[in-house]
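> Okay, predicted coordinates and the sequence, questions at the end:
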Amino acid sequence: MPGAILEQESMEQLISRFEGLCNELTQRSLTCPDAQRQQALNTAQKLVRKLQSPNEFGTAQSWAPLEIVGAAIACDLDIPNTIAAHNGPIQLKEIAEKTPSAAEVLVMRIVRFLAGHGMIDQLDEEVYVANDLTRDYATDVRRAQIFKMLYCLPSYAALPAFLRETGYRDSSDPKNCAWQKGLQTTDTFWQWLDKRPMEANWFNTLMTAARSANDDSLAKTYPFSKLFAGAQHDDVLFVDVGGGYGQQCINIRASFPKDHGRVVLQDLESVVKGRELADVEVQAYDMFEEQPIKGAKAYYLRGICHDHSDEVCRRFLARVKAAMTEDSRILIHERLVADINPTDLVTKSDFMMMAQFAAMERSYKQIKTLLESVGFKVGDQYRLGVNEWSIVEATV
Ligand SMILES: C[S@@+](CC[C@H](N)C(=O)[O-])C[C@H]1O[C@@H](n2cnc3c(N)ncnc32)[C@H](O)[C@@H]1O
């Protein structure tokens, strides 16, 4: 029916209306609740996937490692910082002048790369201005993420050959995984890091922000008020086992000041040495040894189990269990793999864990089975909105 087709919106009209909608969504996303912003983002990502041809998808995927390479070179030369620090538009010539250690043509190519990836805005030929990504790539945390990814890349590249050569067994030995093959080392990831302060600092800095740190999302995710109710000043409320630089201890202290009870940060000596945090006890501790804090209200482990195979997890989980009383809770905070439609991010992270540690990301069922194998009684899982990061609670 030609009449009906004429009445239909043309593709041009549809695209124009779509662009209007995109502009409106972009504006509103600045102020709407984060769950709504994420919902819009998921919809947009699904649309991108549907519009992409398989060739476009495949090419984008196979070229993706170069995104890290380009970003790392730019960060190494402080180019995002230079552009972000400039108040307003900046000429290519000035960026090159402020980057004297690199050839002018190389600076041009890096700046072109940043513009090509939306990491700076281009206003005119050779004129650029910082955007939100430029400012983000000028921060210590993002730089740490890029540099950490770069030094881990050889282990990811070695994973296919490692699996092929070892007969596609599900390895659980952190001393014999793609990490050793890729990095040409006999050390585990942690031993390797222990000998390299710069790489360790990148790792630990990344952890301070990797999962929405410095906000009150932790206190909102789990009913700590209920758990801590009735605690005395000398009671230990919260032990953060493998807590890195103490990001979650700081967050818990913001919600539960000193008079509520004690908060303890535990991590390897090389990580916590010299670290001082207001109203937080800092303890060098190897989690495979006896847990020195007995009967705390909460033993909190975020992103710890995913660094280890079940076999290895059982060893440190048993140490926590032995220190717990009936009133204690162990809180396992992990990015859980959904049973249906897991996200690309969590499945990528799963392969990251496989390569670096012979470890894995787990579903709620897998965490539950793991905890039960150590003798825990597993309770509910708690999460904030659409966040994949969930706290699984268990008792002795
Ligand atoms: C993936 S990071 C997670 C850090 C922190 N829990 C967070 O979520 O931001 C793993 C942490 O486990 C610590 N770790 C590794 N082996 C450990 C051990 N044997 N004893 C105590 N901590 C350990 C690391 O130093 C690191 O801080």
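Now that the structure is in, tell me what you want to look at.
> in the stretch 51-200 of the chain, which spans are strands?
90-91, 121-124, 127-129 (DSSP state E, counting those that start in this stretch).
> which other helices and strands contact the shortest one?
When you say that, I think you mean strand 90-91. Counting contacts by 3 or more CB pairs under 8 Å, 6 or more residues apart in numbering; DSSP states H and E, strand 90-91 is packed against strand 127-129. For the C-beta atoms, the positions are set from N, CA and C on the backbone; glycine is no exception.
> How far away from the center of its chain is the strand it packs on?
30 Å (CA atoms, centre = their mean, to the nearest Å).
> For it, buried residues please.
Residues 128-129 are the ones in strand 127-129 that count as buried (16 or more other CB atoms under 10 Å).
> Who are the packing partners of it?
strand 90-91, helix 92-97, helix 104-116, strand 121-124.
> among these, which is nearest the ligand?
helix 104-116 (28.7 Å; CB to the nearest ligand atom).
> now what about the closest one, what contacts it?
With CB atoms under 8 Å, 6 or more residues apart in numbering as the test, helix 104-116 has contacts from 70, 73-74, 77, 79-80, 83, 92, 95-96, 99, 102, 120-122, 128, 134.
> For residue 97, see how far away residue 123 is.
19 Å (CB to CB, to the nearest Å).
> Point out the residues in the stretch 201-350 of the chain that sit beside the ligand.
Taking CB under 6 Å from any ligand atom as the contact definition, the stretch 201-350 of the chain meets the ligand at 207, 242-244, 247, 267-268, 271, 285-288, 302-304, 307.
> Farthest-apart pair in the residues you listed, please.
Using CB to CB, those reach their maximum pairwise distance at 247 and 288, which is 22.6 Å.
> Look at the two and report which has more neighbours.
Applying other CB atoms under 10 Å to residue 247 and residue 288 shows that residue 247 carries more neighbours, namely 23 against 10.
> which residues of the stretch 101-250 of the chain score low on pLDDT?
Residue ranges of the stretch 101-250 of the chain with pLDDT under 70: 210-216.
> One more pass at 50, please.
Residues of the stretch 101-250 of the chain that meet the criterion pLDDT under 50 lie in 212-214.
> in it, which spans are helices?
104-116, 132-137, 140-165, 178-183, 189-194, 197-209, 217-221, 224-228, 247-255 (DSSP state H, counting those that start in this stretch).
> okay, those helices in CSV with distance to residue 55 next?
Below are these laid out as CSV (distance: least, CB to CB, whole Å):
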stretch, distance to residue 55
helix 104-116, 19
helix 132-137, 27
helix 140-165, 22
helix 178-183, 29
helix 189-194, 36
helix 197-209, 34
helix 217-221, 40
helix 224-228, 50
helix 247-255, 42
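> Looking at the ones you listed, which is nearest to residue 21?
helix 132-137 (20.9 Å).
> in what helix or strand does residue 42 lie?
helix 34-51 (DSSP states H and E).
> Just the mean pLDDT for that helix, thanks.
Here helix 34-51 scores 91 as its mean pLDDT.
> Contacts for it, please.
Helix 34-51 has contacts (CB under 8 Å, 6+ apart) with 25, 29, 57, 385-386.
> which of these tops the neighbour count?
Greatest neighbour count in the contacts of helix 34-51, by other CB under 10 Å, goes to residue 25: 16 neighbours.
> So that one lies in a helix, does it not?
Yes: secondary structure of residue 25 (DSSP: H, G, I helix; E, B strand; the rest coil): part of a helix.
> so what's it up against?
Residue 25 makes contact with residue 40 under the criterion CB under 8 Å, 6+ apart.
> re the thing from before, tell me the gap between the helix holding residue 42 and the middle of its chain.
Relative to its parent chain, helix 34-51 has a centroid offset of 20 Å by CA atoms, centre = their mean.
> Could the C-alpha coordinates of that helix be exported in PDB?
Extracted C-alpha coordinates of helix 34-51, given in PDB (Å, rounded to 0.1, in the frame of the first residue of the first chain):
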ATOM      1  CA  ASP A  34      21.900   6.500  38.400                       C
ATOM      2  CA  ALA A  35      19.700   3.400  37.800                       C
ATOM      3  CA  GLN A  36      17.800   5.300  35.100                       C
ATOM      4  CA  ARG A  37      21.000   6.500  33.500                       C
ATOM      5  CA  GLN A  38      22.200   2.900  33.400                       C
ATOM      6  CA  GLN A  39      19.000   1.700  32.000                       C
ATOM      7  CA  ALA A  40      19.300   4.200  29.100                       C
ATOM      8  CA  LEU A  41      22.900   3.100  28.600                       C
ATOM      9  CA  ASN A  42      21.900  -0.600  28.400                       C
ATOM     10  CA  THR A  43      19.300   0.300  25.800                       C
ATOM     11  CA  ALA A  44      21.800   2.400  23.800                       C
ATOM     12  CA  GLN A  45      24.300  -0.500  23.900                       C
ATOM     13  CA  LYS A  46      21.800  -3.000  22.700                       C
ATOM     14  CA  LEU A  47      20.900  -0.600  19.800                       C
ATOM     15  CA  VAL A  48      24.600  -0.200  18.900                       C
ATOM     16  CA  ARG A  49      25.000  -4.000  18.800                       C
ATOM     17  CA  LYS A  50      21.900  -4.300  16.500                       C
ATOM     18  CA  LEU A  51      23.000  -1.600  14.200                       C
END
